[in-house]
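1. any chance you could fold what I've pasted below:
(one chain, ligands or ions: 4)
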Amino acid sequence: MTYKRQIDRLPIIPADAKVHNVTCHYCIVGCGYKAYTWPTNKQGTAQSNWSGEDLSQQQPMETDAWYAPSMYNVVKQNGQNVHLVIKPDSDCVVNSGLGSVRGARMAENRRSDVSGTQQQRLTDPLVWRYGTWQPTTWDDALDLVARVTARVIDKDNENDLYVSMFDHGGSAGGYENTWGTGKLYFGSMKVKHCRIHNRPAYNSEVHSSRDMGVDELNYAYSDYEVTDTIFLIGANPIETQTNLFLNHMMPGMRNGAKVLIVDPRRTVTTNACEEVAGAENVLHLQINSGTDLALFNALFTHIADQGWVDQDFIAQHSIQEAVAVPEDAAHPANLGSFEAAREGCRLSAAEAAEVCGVPEADIVKAAEWIAKPKEDGSRRKCVTAYEKGIIWGNDNYRTIGALLNIALATGNVGREGGGCCRLGGHQEGYFRPSDAHVGRPAPYIDELIIGGGGKVHHIWANDHYKTTLNANTFKREYNRRTNIVKAAMDAAVGATRDELVDAIVAAVESGGLFSVNVDIIHSQIGQAAHVILPAVESGEMNLTSMNGERRLRLVEKYMDGPGQAMPDCLIAARLANHLERVLREDGRADYAEQFTGFGWQTEEDAFMDGYASANPEVTYERLRAAGNNGVQEPVTGYANGQLAGTTRLYEDGVFKRHGREDGKALFMSGTWRGLEAPGKEEQRSNHRFLINNGRSNINWQNWFLDQDNDFVADRFPMPILQINPDDAAELGLKNGDLAEIHNDVGATQAMVYLEPTARRNETFMIFGAPSGTQGNVTNAGTNTLILPNYKQTWGNIRKLADATEAAARLSFKSWEVEL
Ligand SMILES: Nc1nc2c(c(=O)[nH]1)N[C@H]1C(S)=C(S)[C@@H](COP(=O)(O)OP(=O)(O)OC[C@H]3O[C@@H](n4cnc5c(=O)[nH]c(N)nc54)[C@H](O)[C@@H]3O)O[C@H]1N2
Ligand SMILES: Nc1nc2c(c(=O)[nH]1)N[C@H]1C(S)=C(S)[C@@H](COP(=O)(O)OP(=O)(O)OC[C@H]3O[C@@H](n4cnc5c(=O)[nH]c(N)nc54)[C@H](O)[C@@H]3O)O[C@H]1N2
Ligand code: SF4
Ligand SMILES: [Mo]
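-> Residues are numbered from 1 along each chain as shown. Ligands and ions are numbered 1, 2, ... in the order given. Purely as a prediction, here's the structure:
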């Protein structure tokens, strides 16, 4: 809440403050920061301070010698209170000293007993006892988890244990923690009933890209600076990858790049690009929701027909066989040669214009901006970048494949100024044993849970109550099933441990579900849990992750975690230790043996056991030395005191992501087939409004920290629903009013925000808020291979109430800006 603390002075960082490398743990961009800590009874002076400047003199505008109140806090370090400043690092090539409205508030979002911030953080393991949650020790809580879990699993059958777990880096995740959980669930066990934090199955967000041989993070951020065209699809980078936009895309535009944007909504990104590049250099293809595949097929057709393709690349680096992987249940389209794809995807610009609702001339113009050779005959460079607008959009497999077709055909993968990439969500940081046993398509976990499947559920760092699809039904069933267990535990009050375990097992045998929640706060799904285990965050442990250009860095621990909280990897290790012990006591020595190898005492032990086992050159010490610029993965060696990495993938033209020995890229052959996920077409026909949804700059994910941060909570006490003013007038809605969104599968609420640029009958709602879950109205039907289709949701809207007291004093200014 520093923004209104009326702070007129902050301590000056002394010259001898401790300095730690920090990579912002929020979004994929992974901006470099430095954390400074020093004793509370000390500070620098105008003449003697960390910056080396004489601060009694006026500093220039672009000075580094300052910090904002939001970058400051007082936290615990080795049990002592210390001053903490976390400020952007101007030497980091990712952000060059820029912060964002999220990253620049890392410090104020740390838990502090002195300033009172983030007091919601969990400090102790909690066990459901005597009708509520009671604090206890790790050994007590983990003994209960291990005993109950051990009763429902066995050597060859772990199907009654369900696991929801992060697969990313940065905030909740990282190489240490994906390995800790991965070694437990995929090494010691072979858990099949698992899902990832953001989708109801354990699968890929981009199956087709990988099947075509292309890893989805293949470029370098500098490619934006030297390209001719930036092609953005279903993404809003100024709000969601902020410093990638500001520090790399904007310089690209200033160097002359044109920008193509595909989004059914006019975003602030579109607005910003027009301001930076000039409106004549920005083309917004404002397509009908979910029609991207038709657009991409038409672009591909036009580009191929004009002969604007890279024949050499196609001949040398792509497969020549018409169909190399035939369409089947695991591959929702044929994969093969360029020519076969050209026939299989054929669609005219006129036909696509009809489907997409954009002018045919704009489709032709877009094709020209992507691929029409320049006057001197040279090839245009184009960076293609996409994110959740198509990943969570209609027909994920074919749509992403069709987009990659264009990038491959124009020789834009593995070239400077090119790339066909996910913009990304969190940072990455995946290192786990094989998940092959899960199968493809992977089981649809939410549906199984709703249908009564599973007896024990372990949840690591996610909150399905706020962020899954079909969420009304999920919550109803989850509450019902976990309440069966709570009732059984209540009835067993005062029982011995054995009696309690018997009571819980009896309850799960009769339809109940025992829920274990590993989180940093007491979340919404955590309200249903029986055991809650407190984790630490990045900065409260050492943590490695890589960003959207595969840049690997180490965040150095700069403060203590709250109370008994531990790193996720060590929680996994201690759980494994308890499972081993309990299984031995139970006489199941063979099975117990599978849970050995978890002697780790520190997160570094987990790192060395996991990631470093496959990348022996990489150590904490070397990463520390590599600082905030780190090294781009894959790491290729260590020489002259430096880790060597890879600026961009596929510069050698060898594509291996599909696992094929030939090293050739594949093209995808898939026709437009309307709204693919079950129930979507009916939902659209039967409801007036598109409930498009996604993110805003200020909110981070499911608001787990935002909800206890006044700066954010005062701005948006509730999720907003952007709506066209004429639509709102028809419904009797005004700014700040509370609206109910309802449809065939559920209902939710949001705060009305009139937005003149919103198209009629098309709204946009912030997803994931504690005070209004958009997923309540997203139906259960998924794309093939169990990819949720959050974006294509339709519903009706009615007024619930006038603006609440909190909403009445907000600004409802349009987000459009003019520079
Ligand atoms: N500020 C902020 N930044 C974040 C996050 C955050 O919570 N807050 N979360 C991070 C995470 S985990 C993720 S995954 C990323 C997501 O980053 P983005 O994908 O950029 O974010 P979204 O807002 O989910 O969706 C992007 C756009 O998809 C558009 N869209 C909807 N339907 C369609 C469609 O049919 N076709 C097309 N082409 N577009 C469509 C929406 O209008 C929206 O503008 O952001 C990361 N960065
Ligand atoms: N309607 C709709 N739904 C969506 C989306 C959408 O666009 N529209 N997007 C989807 C996407 S891309 C995403 S990423 C998901 C996000 O869905 P979730 O993963 O459920 O949301 P997060 O906010 O990332 O959840 C983080 C949780 O982990 C906890 N946490 C934070 N740090 C740590 C840590 O270090 N350790 C542990 N153990 N816990 C920690 C937080 O308190 C919080 O409860 O939502 C998905 N759902
Ligand atoms: S752009 Fe992303 S990584 Fe950079 S400071 Fe903002 S939230 Fe953090
Ligand atoms: Mo995400």
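2. could you count how many residues lie near the residue of the chain found nearest ligand 3?
-> Nearest to ligand 3 in the chain, going by Cβ to the nearest ligand atom, is residue 103, at a distance of 2.2 Å. In short, each C-beta sits where N, CA and C put it, glycine included. Applying other Cβ atoms under 10 Å, we find 28 other residues in the vicinity of residue 103.
3. list the residues that contact residue 433.
-> 182, 183, 186, 187 (Cβ atoms under 8 Å, 6 or more residues apart in numbering).
4. possible to save those as a markdown table with secondary structure, distance to ligand 2 and neighbour count?
-> Converted to a markdown table, the contacts of residue 433 look like this (DSSP: H, G, I helix; E, B strand; the rest coil; distance: Cβ to the nearest ligand atom, whole Å; neighbours: other Cβ atoms under 10 Å):
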| residue | secondary structure | distance to ligand 2 | neighbour count |
| --- | --- | --- | --- |
| 182 | helix | 14 | 21 |
| 183 | helix | 16 | 25 |
| 186 | helix | 18 | 21 |
| 187 | helix | 19 | 18 |
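5. what's in contact with the lowest-mean-pLDDT helix or strand in the chain?
-> Across the helices and strands of the chain, mean pLDDT, DSSP states H and E gives its lowest value to helix 805-808, namely a mean of 88. With contacts defined as Cβ under 8 Å, 6+ apart, helix 805-808 is touched by 714, 717, 718, 736, 737, 738, 751.
6. show me the contacts for the fifth one.
-> It refers to residue 737. The neighbourhood of residue 737, defined by Cβ under 8 Å, 6+ apart, consists of 751, 752, 799, 800, 801, 802, 803, 807.
7. interface residues of the stretch 51-200 of the chain facing ligand 4?
-> residue 198 (Cβ under 5 Å from the ion).
8. touching ligand 2 at all, the longest helix along the chain?
-> Among the segments of the chain that qualify as a helix by DSSP state H, the longest is helix 471-491. No: with Cβ under 6 Å from any ligand atom as the criterion, ligand 2 is not reached by helix 471-491; the gap is at least 8.4 Å.
9. secondary structure element holding the nearest residue to residue 186 once chain neighbours are set aside?
-> Beyond its immediate neighbours in the sequence, the residue positioned closest to residue 186 (Cβ to Cβ, 6 or more residues apart in numbering) is residue 433, lying 4.3 Å away. Applying DSSP states H and E as the criterion places residue 433 outside every helix and strand.
10. residue 652 too?
-> Counting by DSSP H and E, residue 652 is found in no helix or strand.
11. what's the burial count for it?
-> 9.
12. tell me the contacts of the residue lying closest to residue 237 once chain neighbours are set aside?
-> In space, and not counting its chain neighbours, residue 237 is closest to residue 245: 4.2 Å by Cβ to Cβ, 6+ apart. Residues in contact with residue 245 (Cβ under 8 Å, 6+ apart) are 237, 238, 269, 272.
13. gap between the last one and residue 819?
-> In this case it means residue 272. Computed as Cβ to Cβ, to the nearest Å, the residue 272 to residue 819 distance reads 9 Å.
14. who's more crowded, those two?
-> Looking at residue 272 and residue 819 with other Cβ under 10 Å, you find the greater number of neighbours at residue 272, namely 24 against 7.
15. just confirm that one is within a helix.
-> Yes: under the criterion used here (DSSP: H, G, I helix; E, B strand; the rest coil), residue 272 sits inside a helix.
16. does the nearest residue to it once chain neighbours are set aside sit in a helix, a strand or a coil?
-> Sequence neighbours aside, residue 238 is the residue nearest to residue 272 in space, at 5.0 Å (criterion: Cβ to Cβ, 6+ apart). Using three-state DSSP as the criterion, the local structure at residue 238 reads helix.
17. I'd assumed residue 270 was in contact with residue 238.
-> No: if you go by Cβ atoms under 8 Å, residue 238 and residue 270 don't touch, sitting 9.2 Å apart.
18. sorry, back to before: which one (most neighbours) among the contacts of residue 245?
-> Neighbours were tallied for each of the contacts of residue 245 (criterion: other Cβ under 10 Å), and the maximum of 27 neighbours falls on residue 237.
19. quick check: it touching residue 421?
-> No: using Cβ under 8 Å, residue 237 is not in contact with residue 421, being 11.7 Å away.
20. what do the two both touch?
-> The contact sets of residue 237 and residue 421 overlap at residue 385 (Cβ under 8 Å, 6+ apart).
21. and the closest residue to residue 172 other than its chain neighbours, how far is that from ligand 4?
-> Counting by Cβ to Cβ, 6+ apart, the nearest residue to residue 172 once its immediate chain neighbours are dropped is residue 461, at 3.6 Å. When distances are taken as Cβ to the ion, to the nearest Å, residue 461 and ligand 4 turn out to be 12 Å apart.
22. residue 461 reaches residue 174, doesn't it?
-> No: in terms of Cβ under 8 Å, residue 461 does not count as a neighbour of residue 174; the distance is 10.8 Å.
23. pick out whichever of those two has more residues nearby.
-> In this comparison of residue 461 against residue 174, neighbours counted by other Cβ under 10 Å, the higher total goes to residue 174 at 37 against 23.
24. isn't that one right next to residue 536, touching?
-> No: with contact defined as Cβ under 8 Å, residue 174 and residue 536 do not form a contacting pair (11.4 Å).
25. report pLDDT for residue 341.
-> Turning to residue 341, the model gives it a pLDDT of 98.
26. now for the strand or helix carrying it, which elements pack on it?
-> Residue 341 is part of helix 338-344 when elements are defined by DSSP H and E. Contacting helix 338-344 under the criterion 3 or more Cβ pairs under 8 Å, 6 or more residues apart in numbering; DSSP states H and E are the following elements: helix 292-305, helix 396-409, strand 667-669.
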